[in-house]
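no sequence on hand, only this structure:
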Ligand SMILES: NC(=O)c1ccc[n+]([C@@H]2O[C@H](COP(=O)([O-])OP(=O)(O)OC[C@H]3O[C@@H](n4cnc5c(N)ncnc54)[C@H](OP(=O)(O)O)[C@@H]3O)[C@@H](O)[C@H]2O)c1
């Protein structure tokens, strides 16, 4: 790589990249020549298997997004870094077959914390590292759309992702001009541990498109809620 290519090399911080869609995001950005800082909670994850072929372009960091001490520690470690894409992917689904009346308080609370509060805490902590022309994104879901919720299902999870969307709108509303690009991405129903084997899409049919959409949106500014085809979803 020449020195001018090195200068142009962009950096993504992908939060929750041990497996599934986050792993695929890390892998896709590495393929596209980016430097990737990717976070995990454990050791020996599928992400770690990318390390040998990625060299120093892949940096693996520890972060449990529900632990504020972890967020502070990583923010300090990355204090001198500039990031072109901050993507919070981490998320959980618990008892998605239960109605809200059947769902336990702990399950509901955990989803609200991990899917809505913690991603926003990460965004608030790391946004000052994101370059002015960069992108701040979170993994939302088509299920987060209040307007499209005509068939129910995944009730607690759906509520937590709708909460994420609304918190991102509040965040967007207090950003100074010129507005940075803020994205809530819906990847489609994808075969991962969360999506399950009956999901309609393979990871390879989702994540490269999600990355294409984010690339196309870079520099446009403002908050958008988009699917993998770049279509705007109704709030
Ligand atoms: N699959 C789908 O159809 C689909 C559709 C719409 C949206 N999504 C969203 O896409 C994202 C990824 O989903 P997935 O399908 O890839 O699920 P997955 O296979 O279950 O992976 C979830 C990822 O989130 C991480 N994570 C969970 N809690 C965390 C925490 N407290 N701190 C840090 N990392 C945490 C997991 O890390 P560990 O390995 O440490 O557990 C794992 O890397 C989620 O936000 C999900 O809601 C998925």
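Arrived safely. If you're wondering where the values come from, they're calculated on a predicted model, not measured in any experiment.

how about low-confidence regions in this structure?
Low-confidence segments of the chain (pLDDT under 70): 1-7.

and the strands in this protein, which stretches?
Counting by DSSP state E, the chain has strands at residues 11-15, 35-40, 58-62, 83-88, 130-139, 181-186, 222-227.

who wins for proximity to the ligand among these?
Shortest distance between the ligand and the strands of the chain, using Cβ to the nearest ligand atom, is found for strand 130-139: 4.0 Å. Any C-beta I mention is one placed from the backbone N, CA and C, and that applies to glycine too.

can you list the residues of the chain near the ligand?
16, 18-22, 41-42, 63-66, 89-92, 114, 139, 141, 187, 189-190, 192-195, 199 (Cβ under 6 Å from any ligand atom).

tell me the buried residues within those.
16, 18-22, 63-66, 89-91, 114, 139, 141, 187, 189-190, 192, 194-195 (16 or more other Cβ atoms under 10 Å).

out of these, list just those in helices.
20-22 (DSSP state H).

with those in mind, which one is nearest to the ligand?
residue 20 (2.3 Å).

ok, that closest one - contacts?
192-194, 203 (Cβ atoms under 8 Å, 6 or more residues apart in numbering).

any chance of the residues you listed in a markdown table, plus distance to residue 174?
Output for the contacts of residue 20, formatted as a markdown table (distance: Cβ to Cβ, whole Å):
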| residue | distance to residue 174 |
| --- | --- |
| 192 | 33 |
| 193 | 35 |
| 194 | 31 |
| 203 | 35 |
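
nearest to residue 119 among those residues?
Nearest to residue 119 out of those is residue 194 (Cβ to Cβ; 15.2 Å).

what's the closest non-adjacent residue to residue 230?
In this structure, residue 230 finds its nearest non-sequential neighbour in residue 213, 4.5 Å apart by Cβ to Cβ, 6 or more residues apart in numbering.

select the longest helix from the protein.
Per DSSP H, the chain has its longest helix at helix 155-173.

on that earlier part again, from the contacts of residue 20, which is closest to residue 51?
Distances from residue 51 to the contacts of residue 20, taken by Cβ to Cβ, are shortest for residue 203, at 19.5 Å.
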